[in-house]
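Participant: the amino acid sequence is not available; the structure is as follows:
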């Protein structure tokens, strides 16, 4: 027994040493160089947005290199919003699926790492047989007249594929990159989910403000219609004047159903983001007055952005996996080595399995080389090269898209601030006009129609201002999303 064990141990030790000492064919992955661009072009000229007195009119200062908090949504100062984001992160089905995908990728990577070691299998067989005594001699010591016998076999088998050309290492490298890909896919899902909750809440708040302003406008239009109808009866207004006013009222009324429909759909979307059915709509509702506009915003350089964006890191992991697959394809073109060994005992009685004359062993090695496969392995190698080129192009596209997202958001923040300033000034002018018209009406110097028209203009200005405020909140959330959302600062207990 000692001799076969010594032979097997020596073979396996030599094979392991050979595998560890051999080189891995194919390209060694190197992380792509970060973008050398110093900024985001003309969009980077913005250092501080315009400011105007009033809600959500503060100037927003852009701070280069400012870090992003993991729970970035708290910068809006809404406990209700924070609570809903946390609920979504716990219950959303897409996030749960991404978590499961990561666990699967990690387990597959662990399974692939086992390929470095030999496989040991044990087996035990028991056979009851009948011998053809007329033509074959009885293999047992029983009399020839007894054709029946039992055979028991216990065996250990060891097999090992030496990683001579590094195919196993490249496959393990591939599985590690795929696990990284799943990890960053999870981070991307986490970021998208939190951003969607914030933006959906902002949209709800904006719609509520728009509905309130539109309802007041409709009430004013109805009063104006009644006034013009009375004037028509007195002969101070024409039929055309009445029809024009009725048309204006109808147009205002037509604007309400789409707003209410969109509000209902927004609530349904928010409920779905929380991982709930439509019947389980959250009790929390949102208004623009409940949100705070952050005055300091982070801006990361393009070279830092590629480290922060989950989609870019995902594209990098896919590039790494494609690079390793080229090595696998090259190794498959080369000779394949394998080692096998068996050690066991076979007896006609179970009690004899440990006897001195029932043992057997074998050991062997093999080398195979594909001589003809109609070019299949060569074409697979070329396909792996093409996949690597594809992954490299997709990585470049992801970097460009990331930088574009930041540039677009910076432009949006500047435009939002200018729109907020213009809408606030229009709102002030409309309010001043309305107040003056109300005073003049009390003095009897203007008609009721003029007063109602002045208030209608003011409500239109309120509607435009609500939309401008919502745009500032939504695009601020968009900047945090474009910069990666601060996932690298998340404590382990808050990880997705």
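Facilitator: Looks like it came in fine. Since this is a predicted model, take the numbers as computed values, not measurements.
Participant: could you use CA atoms for every contact and neighbour count after this?
Facilitator: OK.
Participant: tell me the mean pLDDT over stretch 312-330?
Facilitator: Averaging pLDDT along stretch 312-330 yields 97.
Participant: my bad, should have said stretch 236-255
Facilitator: 90.
Participant: now do stretch 207-226
Facilitator: Averaged over stretch 207-226, pLDDT sits at 92.
Participant: run through who's touching that stretch.
Facilitator: 242, 245-246, 248-249, 252-253, 255-256, 259-260, 262-263, 287-288, 449, 452-453, 455-456, 459-460, 462-463, 466-467 (CA atoms under 8 Å, 6 or more residues apart in numbering).
Participant: which ones among the residues you listed map onto helices?
Facilitator: Residues of the contacts of stretch 207-226 located in helices (DSSP state H): 242, 245-246, 248-249, 252-253, 255-256, 259-260, 262-263, 449, 452-453, 455-456, 459-460, 462-463, 466-467.
Participant: any quick ChimeraX command for the buried ones out of the residues you listed?
Facilitator: Applied in ChimeraX, the following selects the buried portion of the ones in helices among the contacts of stretch 207-226 according to 16 or more other CA atoms under 10 Å:
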select :242,245,246,248,249,252,253,256,259,263,449,452,453,455,456,459,460,462,463,466,467
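Participant: burial of residue 443, as a residue count?
Facilitator: Residues within reach of residue 443, counting by other CA atoms under 10 Å, total 9.
Participant: whoops, I mixed them up, residue 280
Facilitator: For residue 280, using other CA under 10 Å, the count is 12.
Participant: can you tell me the element the spatially closest residue to it that is not a sequence neighbour falls in?
Facilitator: Excluding its sequence neighbours, the residue lying closest to residue 280 (CA to CA, 6 or more residues apart in numbering) is residue 271, at 7.1 Å. Assessed by DSSP states H and E, residue 271 sits inside helix 239-273.
Participant: any idea which helix or strand comes after that helix?
Facilitator: Toward the C-terminal end, the helix or strand that comes next after helix 239-273 (DSSP H and E) is strand 296-299.
Participant: what's that next one packed up against?
Facilitator: Helices and strands touching strand 296-299, as assessed by 3 or more CA pairs under 8 Å, 6 or more residues apart in numbering; DSSP states H and E, comprise strand 61-64.
Participant: what mean pLDDT does the strand it packs on have?
Facilitator: On average, strand 61-64 scores 94.
Participant: elements contacting it?
Facilitator: Looks like strand 61-64 contacts strand 296-299 (3+ CA pairs under 8 Å, 6+ apart).
Participant: quick one: contacts of the strand it packs on?
Facilitator: Under CA under 8 Å, 6+ apart, the answer for strand 296-299 is 60-68, 480, 483.
Participant: and if we set it to 7 Å?
Facilitator: 60-68 (CA atoms under 7 Å, 6 or more residues apart in numbering).
Participant: quick one: the strands in the stretch 301-450 of the chain, in order.
Facilitator: Counting by DSSP state E, counting those that start in this stretch, the stretch 301-450 of the chain has these strands, from start to end: 336-347, 359-368.
Participant: single out the most deeply packed of the ones you listed.
Facilitator: The highest average neighbour count among these, using mean count of other CA atoms under 10 Å, belongs to strand 336-347 at a mean of 19.
Participant: isn't residue 340 right next to residue 366, touching?
Facilitator: No: with contact defined as CA atoms under 7 Å, residue 340 does not reach residue 366; the gap is 8.5 Å.
Participant: mind putting the contacts of strand 296-299 in CSV, distance to residue 171 and neighbour count included?
Facilitator: Formatted as CSV, the contacts of strand 296-299 follow (distance: CA to CA, whole Å; neighbours: other CA atoms under 10 Å):
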residue, distance to residue 171, neighbour count
60, 49, 22
61, 48, 16
62, 45, 19
63, 43, 14
64, 41, 12
65, 38, 12
66, 39, 12
67, 37, 16
68, 36, 20
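Participant: now those in a markdown table, with distance to residue 105?
Facilitator: Below are these laid out as a markdown table (distance: CA to CA, whole Å):
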| residue | distance to residue 105 |
| --- | --- |
| 60 | 42 |
| 61 | 42 |
| 62 | 39 |
| 63 | 38 |
| 64 | 36 |
| 65 | 33 |
| 66 | 33 |
| 67 | 30 |
| 68 | 28 |
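Participant: all the helices of the stretch 351-496 of the chain, in order from the start?
Facilitator: Along the stretch 351-496 of the chain, the stretches classed as helices by DSSP state H, counting those that start in this stretch are 376-443, 448-482.
Participant: now do the same contact list for residue 65.
Facilitator: Going by CA under 7 Å, 6+ apart, residue 65 touches 298-300.
Participant: any idea how far it lies from residue 479?
Facilitator: 14 Å (CA to CA, to the nearest Å).
Participant: list the buried residues of stretch 217-237.
Facilitator: 217-229, 231-232.
Participant: ok, now stretch 383-399?
Facilitator: 384-385, 387-388, 391-392, 394-396, 398-399.
Participant: ok, back up a step: I'd like the strands of the stretch 301-450 of the chain laid out as JSON lines, including mean pLDDT.
Facilitator: JSON lines is the format used below for the strands of the stretch 301-450 of the chain (pLDDT from 0 to 100):
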{"stretch": "strand 336-347", "mean pLDDT": "93"}
{"stretch": "strand 359-368", "mean pLDDT": "92"}
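Participant: and those: which comes nearest residue 405?
Facilitator: Judged by CA to CA, the one of the strands of the stretch 301-450 of the chain that comes nearest to residue 405 is strand 336-347, at 48.3 Å.
Participant: tilt between the closest one and strand 359-368?
Facilitator: Strand 336-347 and strand 359-368 are oriented at 160 degrees to each other (axes from the mean of the first three to the mean of the last three CA atoms, to 10 degrees).
Participant: how far off centre is strand 336-347?
Facilitator: Offset of strand 336-347 from its chain centre (CA atoms, centre = their mean, to the nearest Å): 48 Å.
Participant: repeat that for stretch 332-352.
Facilitator: 47 Å.
Participant: now do that stretch: everything it contacts.
Facilitator: For stretch 332-352, the external contacting residues (CA under 7 Å, 6+ apart) are 8, 150-162, 353, 358-369, 377.
Participant: end-to-end on it?
Facilitator: By CA to CA, the extent of stretch 332-352 from end to end equals 46 Å.
Participant: same question, stretch 81-100
Facilitator: This stretch, stretch 81-100, spans 27 Å end to end (CA to CA).
Participant: okay, buried residues for that stretch please.
Facilitator: 81-82, 84-85, 88-89, 92-96, 98-99.
Participant: ok, back up a step: I'd like to know which of the strands of the stretch 301-450 of the chain lies nearest to residue 281.
Facilitator: strand 336-347 (60.6 Å).
Participant: for that closest one, which strands pair with it and how are they oriented?
Facilitator: In the sheet, strand 336-347 lines up against strand 148-160 (antiparallel), strand 359-368 (antiparallel) (DSSP bridges).
Participant: circling back to that earlier point, got the helices of the stretch 351-496 of the chain as a markdown table, with mean pLDDT and distance to residue 103 columns?
Facilitator: Formatted as a markdown table, those follow (pLDDT from 0 to 100; distance: least, CA to CA, whole Å):
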| stretch | mean pLDDT | distance to residue 103 |
| --- | --- | --- |
| helix 376-443 | 94 | 24 |
| helix 448-482 | 92 | 25 |
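Participant: mind putting the ones you listed into TSV with distance to residue 126?
Facilitator: Below are these laid out as TSV (distance: least, CA to CA, whole Å):
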stretch	distance to residue 126
helix 376-443	43
helix 448-482	65
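Participant: mean neighbour count, those: which tops it?
Facilitator: The most buried one of these (mean count of other CA under 10 Å) is helix 448-482, showing a mean of 22.
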